[in-house]
Each structure stands twice: as structure tokens, then as C-alpha cells.
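Undergrad: What follows is a predicted protein model with its sequence.
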Amino acid sequence: MCLAIPGKVVEIYEEAGLPMGRLDYGGVVHQACLAYLPDIKVGDYAIVHAGFAISMLDEEEARKTFETWEEMIRKADEAGIPLTGESQPAIEPSE
């Protein structure tokens, strides 16, 4: 399962005729295609899914999203649930 996450645009450039950007996801920087957001600029926040920026959001929304992610990571860690690495077995539905 893939989840869209917010990133802050730190650079905009063109690659193979497409508008591209480098986005900072809480300290990790990756590139994303910006073709769906022609009005985005450096300093803006965008929701990125599968390498494509799909919607813009304001700084407050981005902050709240990062806080939610941090809380989920903390709770998973406390419960001993790994968030990366090997796939986990499916949970069987209870009857």
C-alpha cells in the first residue's frame, strides 16, 4: 500500500520537458513530477503520490500531517510493529 505524503518544494527544474521538483519530506529529499501543479513554487507544500505532486496544501496542514505520521511511528514502535523491511503476515478477520 502506498500513502501520499506532504513535501516542501526546495527546488524546481525541468527534465525531459516536464516540470520537476526536489521536495523535502521531513529531512529526506526526493524528486517528484510537478506537471499536475503548474502554479506551485519553491516553499510551497504538496501531497506527493507515486512520484507525482497531486495537490497543494498550506504549511499548517503539512505540519499537522507530519505530527500525525510521527505519532503513528511512535505507536508502532511502542507496539513492536516494524514499519519497513519485510512484509508482515495478513491479519485474519475474527468471526
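TA: Yes, it's here.

Undergrad: Show me which residues of the longest strand seen in the chain are buried.
TA: Assignment by DSSP state E gives strand 5-15 as the longest strand of the chain. Within strand 5-15, the residues that qualify as buried are I5, P6, G7, K8, V9, counting by 16 or more other Cβ atoms under 10 Å. Any C-beta I mention is one placed from the backbone N, CA and C, and that applies to glycine too.

Undergrad: In contact with the residue nearest the centre of the chain, which residues?
TA: With distances taken as Cα atoms, centre = their mean, I5 lies nearest the centre of the chain, 2.2 Å away. I5 sits next to Y25, I47, V48, T65, W69 when contact means Cβ atoms under 8 Å, 6 or more residues apart in numbering.

Undergrad: and with 10 Å instead?
TA: Taking Cβ atoms under 10 Å, 6 or more residues apart in numbering, we find I5 in contact with L23, Y25, G26, V28, A46, I47, V48, H49, A62, T65, F66, W69.

Undergrad: And the helices in the protein, which stretches?
TA: If DSSP state H is used as the criterion, the helices of the chain fall at 59-78.

Undergrad: Only alpha carbons, please: show the longest strand of the chain as PDB.
TA: Extracted in PDB, the C-alpha atoms of strand 5-15 (Å, rounded to 0.1, in the frame of the first residue of the first chain):
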ATOM      1  CA  ILE A   5       2.700  12.300   1.900                       C
ATOM      2  CA  PRO A   6       3.500  16.100   2.100                       C
ATOM      3  CA  GLY A   7       6.700  17.600   1.000                       C
ATOM      4  CA  LYS A   8       8.100  21.100   0.800                       C
ATOM      5  CA  VAL A   9       9.300  22.200  -2.600                       C
ATOM      6  CA  VAL A  10      13.000  23.200  -2.300                       C
ATOM      7  CA  GLU A  11      13.900  23.300  -6.000                       C
ATOM      8  CA  ILE A  12      12.000  23.400  -9.300                       C
ATOM      9  CA  TYR A  13      13.700  22.400 -12.600                       C
ATOM     10  CA  GLU A  14      12.800  20.900 -16.000                       C
ATOM     11  CA  GLU A  15      13.700  17.300 -17.000                       C
END
